[in-house]
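Chemist: Have a look at this fold, sequence not included:
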C-alpha cells in the first residue's frame with residue numbers, strides 16, 4: 001500500500017496534465033495498470049529476486065521513479081501480438097488462458113483485465129516492434145549505515161583488543177536470522193536485555209583486564225608519567241573505537257578517569273565505559289565524518305575477512321591515508337586472506353548461509369532413526385565445512401560445491417552413506433555413481449536439515465534450493481490456506497509425491513508449489529537423515545491390539561524432477577541436479593549475491609546491480625575461485641563503478 005501511494009504521488013504532475021485517464025497516455029500505466037499488477041501479486045514472482053525475475057516481464061524494484069515505471073510499461077509492447085491483440089502474452093499469461101506457473105493472477109472479465117486490455121491497445125497504437133525502452137542501471141549510492149557488532153564479532157574484538165578469550169558474548173541473548181543471516185543491520189536493534197548484558201560484560205572484562213596489574217600491556221607508558229593518562233586514552237580509545245578519538249571524547253573520558261585516585265582503577269573504569277559506548281558496539285559505513293572514512297574502510301575489510309577489529313597494519317594504512325583506491329583495498333584484502341582468522345570467518349559465513357543451526361536444532365524420531373545423534377549432526381556440518389574449505393583455500397572451481405563427486409567424511413557418515421570407512425577421519429572419499437550423491441545436495445547436512453522429524457519434506461528441500469542456491473523468493477502461501485496433506489490410509493497407501501499432488505491440483509497452492517515440489521520430490525530416495533532408501537516404507541499401527549496387526553507397506557518412489565525457470569533441467573538425483581546448478585548462471589550469480597548480503601549486512605537492491613555485476617564477472621573470469629569473489633566484492637562495494 002505504501003509503495004502504491006508513493007507511485008501515485010510521484011506521478012501526480014503527469015496526472016494533473018492529463019484530464020482523462022480513460023484515454024491512455026504515459027501516466028495511465030503508472031496510475032492504473034501498475035496498481036492492478038500489484039494488487040494481483042505479480043511482484044512476488046516477477047520482482048528482481050522472484051522466481052520469474054529473469055523473464056521479459058520483470059517489475060521495477062521498490063522505489064522506482066514514475067519515469068522508470070512508465071519506461072517499464074512501454075517496454076511491455078514486446079509481449080503483445082500486433083496481429084491479434086487477444087492473443088497477447090501480456091493478457092493471456094496473468095489470466096492463465098495460456099500456461100502460467102503463477103496461476104490466475106487477473107480474473108478474466110474483471111476491471112483489472114479491462115485496464116490491461118486498454119494498455120495493450122495503447123501499446124499497439126503508439127509503439128513499433130523495434131522500439132526499445134531500456135531502464136538504465138541506477139547509479140550506486142553510498143548511504144550511511146550503522147551496524148552493530150554481532151556476538152561473534154564482539155568476542156573476536158575483545159580477544160584482539162584485550163587478549164581476553166572468555167567469549168562473554170556467548171551468554172548474550174540469541175541473535176535471530178533475518179534475511180538469511182544474523183548480521184543484517186535493519187534487524188540489529190539493542191534490546192534492554194542486550195544493553196544489560198553489554199553492561200555486565202564490560203564490567204567483567206574491565207575487571208579481568210587489570211587483575212594483578214597491567215598484565216595485558218594495555219597501558220603504553222609508565223603510570224608515573226603525567227602525560228600517560230592522555231596517552232592511554234588516545235591509544236587504547238583509538239583501538240576500541242577503531243578510529244581516532246575527538247578531543248571532546250578524550251576530555252569526557254579523562255574526567256571519568258580522574259574520579260578514581262589510583263591510576264589502574266581509573267584505567268579500569270574508563271575501559272569499562274568505552275566497552276559500553278556506541279562507538280565500540282557499533283561501526284559506521286559512509287558516516288558523516290569524512291576524516292574517519294579510511295578507518296571505516298579498514299573496519300569494513302577486517303570485519304568482512306577476519307570478523308574482528310583492524311590489525312596494526314590496517315590502522316597504519318588508514319592513518320597514512322593509504323586506503324583511498326581499489327588497488328589499496330585489493331592489496332589489503334589479499335593480505336588479510338592469508339591471516340588464519342580468515343578461515344574461521346569463512347566457516348561463519350558458510351554456517352549461516354547453509355543454516356547449520358536448522359540441523360543442529362533438529363529433532364528426529366529416535367525409534368525410526370536410532371543412529372541419529374548429536375555427534376552425527378556435528379559430523380554432517382563438518383563434512384560440508386571441509387568441502388567448502390577445500391574449494392576455497394585450494395582455489396578450486398567453487399561451483400563444484402554442487403557437483404563434486406567426492407566428499408570428506410568420518411566413520412559415522414560412511415556408515416550412514418553405506419560406504420567403506422575412510423582410512424582416517426574426514427579423508428577425501430569418492431562417491432560412487434550408484435549412490436546418486438554429489439556436492440552439497442547429496443550430503444546429509446542438507447537432506448536432514450530440510451526434513452521433518454519422521455519423514456522427508458519435498459517442499460522444504462525445494463524451497464531451500466530456490467532461496468539459498470538460486471536467490472529466488474517464493475511467495476508466502478495465501479492466508480487461510482489448508483496446507484495439510486491427506487492422512488495416510490492403509491486401505492489406500494500413497495507416496496509423498498501422490499499426497500503432494502493436492503498442492504498442484506489446488507489453484508491457490510499450485511502457483512508456488514510448482515516452483516518447489518518438483519525439485520524436492522527428486523530427493524525422495526533419501527530419508528529424513530539422508531540415508532538412501534529404495535522404497536518409501538509406511539507403517540500403520542492399530543489404535544488397539546484387538547484392531548489387528550501392524551501393517552507395513554513399501555511403495556515405489558518416482559524421483560523425476562525439474563527446476564522451473566532453468567531450461568533442460570530435468571533430473572532424477574542430487575548428482576544430476578548438482579551438475580545443472582553448477583552450470584546455471586542463476587546459481588553462479590546467487591553465490592555472489594549471498595556473499596554480498598553477508599558482507600554488507602543487507603539484501604541487494606537496484607542500486608547494487610552494477611557492483612554485483614562487476615563482482616560476478618570477476619568471479620566467472622577467475623574460473624569461479626571464491627577468494628577472487630571475496631576480493632572483488634570488497635573492492636567494488638567500497639569504490640563502486642561509475643556505471
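Modeler: Yes, it's here. These numbers were taken from a predicted model, which means no experiment stands behind them. Residues are numbered from 1 along each chain as shown.
Chemist: all strands for this protein, in order.
Modeler: Shown for the chain, the strands assigned by DSSP state E span residues 145-148, 282-285, 406-409, 427-430, 535-540, 551-556.
Chemist: Same list (these) but as TSV, adding mean neighbour count, distance to residue 358 and mean pLDDT.
Modeler: (C-beta placed from N, C-alpha, C; glycine too.) Formatted as TSV, those follow (neighbours: other C-beta atoms under 10 Å; distance: least, C-beta to C-beta, whole Å; pLDDT from 0 to 100):
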stretch	mean neighbour count	distance to residue 358	mean pLDDT
strand 145-148	17	24	94
strand 282-285	20	29	93
strand 406-409	24	20	97
strand 427-430	14	25	96
strand 535-540	14	23	90
strand 551-556	12	28	91
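Chemist: Residue 125: which of these is closest?
Modeler: Between residue 125 and the strands of the chain, the shortest separation by C-beta to C-beta is 46.9 Å, and it involves strand 145-148.
Chemist: separation between the nearest residue in space to residue 354 that is not next to it in sequence and residue 466?
Modeler: Nearest non-adjacent residue to residue 354, counting by C-beta to C-beta, 6 or more residues apart in numbering: residue 384, 6.3 Å away. Going from residue 384 to residue 466 by C-beta to C-beta, to the nearest Å gives 19 Å.
Chemist: Return the residues in contact with the closest residue in space to residue 365 that isn't next to it in sequence.
Modeler: The shortest distance from residue 365 to any non-neighbouring residue, by C-beta to C-beta, 6+ apart, is to residue 454 (4.4 Å). Contact analysis of residue 454 by C-beta atoms under 8 Å, 6 or more residues apart in numbering lists 364, 365, 368, 528.
Chemist: my read: the residue nearest to residue 354 touches residue 350, true?
Modeler: Yes: Residue 384 lies in contact with residue 350 (C-beta atoms under 8 Å); the separation is 7.1 Å.
Chemist: and the two? which has more neighbours close in?
Modeler: Neighbour count, other C-beta atoms under 10 Å: between residue 384 and residue 350, residue 384 has more, with 23 against 19.
Chemist: so what's the more buried one up against?
Modeler: 350, 354, 356, 440, 443, 445, 446.
Chemist: follow-up on the earlier one: generate TSV for the strands of the chain, with distance to residue 616 as supplementary columns.
Modeler: Putting the strands of the chain into TSV (distance: least, C-beta to C-beta, whole Å) gives the following:
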stretch	distance to residue 616
strand 145-148	22
strand 282-285	22
strand 406-409	27
strand 427-430	29
strand 535-540	40
strand 551-556	42
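Chemist: Mind checking these for the one nearest to residue 634?
Modeler: Among the strands of the chain, strand 282-285 sits nearest to residue 634 (C-beta to C-beta), with 12.0 Å.
Chemist: which secondary structure elements does that closest one contact?
Modeler: The contact analysis (3 or more C-beta pairs under 8 Å, 6 or more residues apart in numbering; DSSP states H and E) places strand 282-285 against strand 145-148, helix 293-305.
Chemist: name the helices or strands packed onto the longest one?
Modeler: Contacting helix 293-305 under the criterion 3+ C-beta pairs under 8 Å, 6+ apart are the following elements: strand 282-285, helix 312-319, helix 326-337, helix 341-353, helix 626-638.
Chemist: which one of these lies closest to residue 561?
Modeler: helix 341-353 (23.1 Å).
Chemist: what about the closest one, distance to the chain center?
Modeler: 14 Å (C-alpha atoms, centre = their mean, to the nearest Å).
Chemist: swap in stretch 384-394?
Modeler: For stretch 384-394, the distance to the chain centre is 19 Å (C-alpha atoms, centre = their mean).
Chemist: Could you list the buried residues of that stretch?
Modeler: 384, 385, 387, 388, 390, 391, 392 (16 or more other C-beta atoms under 10 Å).
Chemist: For that stretch, give the mean pLDDT please.
Modeler: Mean pLDDT, stretch 384-394: 98.
Chemist: now swap in stretch 609-629 and tell me
Modeler: 97.
Chemist: So which residues of the stretch 101-250 of the chain form helices?
Modeler: 111-126, 151-162, 192-209, 228-241, 247-257 (DSSP state H, counting those that start in this stretch).
Chemist: Redo the ones you listed as TSV? Include mean pLDDT, distance to residue 66 and mean neighbour count.
Modeler: Below are the helices of the stretch 101-250 of the chain laid out as TSV (pLDDT from 0 to 100; distance: least, C-beta to C-beta, whole Å; neighbours: other C-beta atoms under 10 Å):
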stretch	mean pLDDT	distance to residue 66	mean neighbour count
helix 111-126	88	16	17
helix 151-162	98	41	22
helix 192-209	98	42	16
helix 228-241	97	43	19
helix 247-257	97	45	15
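Chemist: Out of those helices, which gets nearest to residue 345?
Modeler: helix 151-162 (8.8 Å).
Chemist: Run through who's touching the closest one.
Modeler: With C-beta under 8 Å, 6+ apart as the criterion, helix 151-162 contacts 149, 164-170, 172, 175, 182, 205, 208-209, 216, 218, 239-240, 281, 303, 306-309, 311, 341, 348.
Chemist: what does stretch 599-615 give?
Modeler: 48-49, 60-64, 137-141, 145, 147, 179, 181, 183-186, 188, 304, 589, 592-593, 596-597, 629, 632-634, 636-637, 640-641, 643.
Chemist: let's see it at 6 Å
Modeler: Residues outside stretch 599-615 that contact it (C-beta atoms under 6 Å, 6 or more residues apart in numbering) are 61, 137-138, 140-141, 147, 179, 183-185, 304, 592-593, 596-597, 632-633, 636-637, 640-641.
Chemist: Just the buried ones out of those, please.
Modeler: 61, 138, 140, 147, 183-185, 304, 592-593, 596-597, 632-633, 636-637, 640.
Chemist: ok, for residue 339, nearest residue in space, not its chain neighbours?
Modeler: residue 306 (5.4 Å).
Chemist: for the one you found, what are its contacts?
Modeler: Taking C-beta under 6 Å, 6+ apart, one finds 336, 339, 341, 342, 345 in contact with residue 306.
Chemist: cool, and residue 431?
Modeler: 405, 406, 407, 437.
Chemist: From residue 154, how far out is residue 336?
Modeler: Counting by C-beta to C-beta, the gap from residue 336 to residue 154 is 19 Å.
Chemist: and what of residue 27?
Modeler: For residue 27, the distance to residue 154 - C-beta to C-beta - is 52 Å.
Chemist: residues in contact with residue 558?
Modeler: By C-beta under 6 Å, 6+ apart, the neighbours of residue 558 are residue 497.
Chemist: Please repeat the previous calculation with a cut-off of 8 Å.
Modeler: Residue 558 neighbours (C-beta under 8 Å, 6+ apart): 495, 497, 521, 524.
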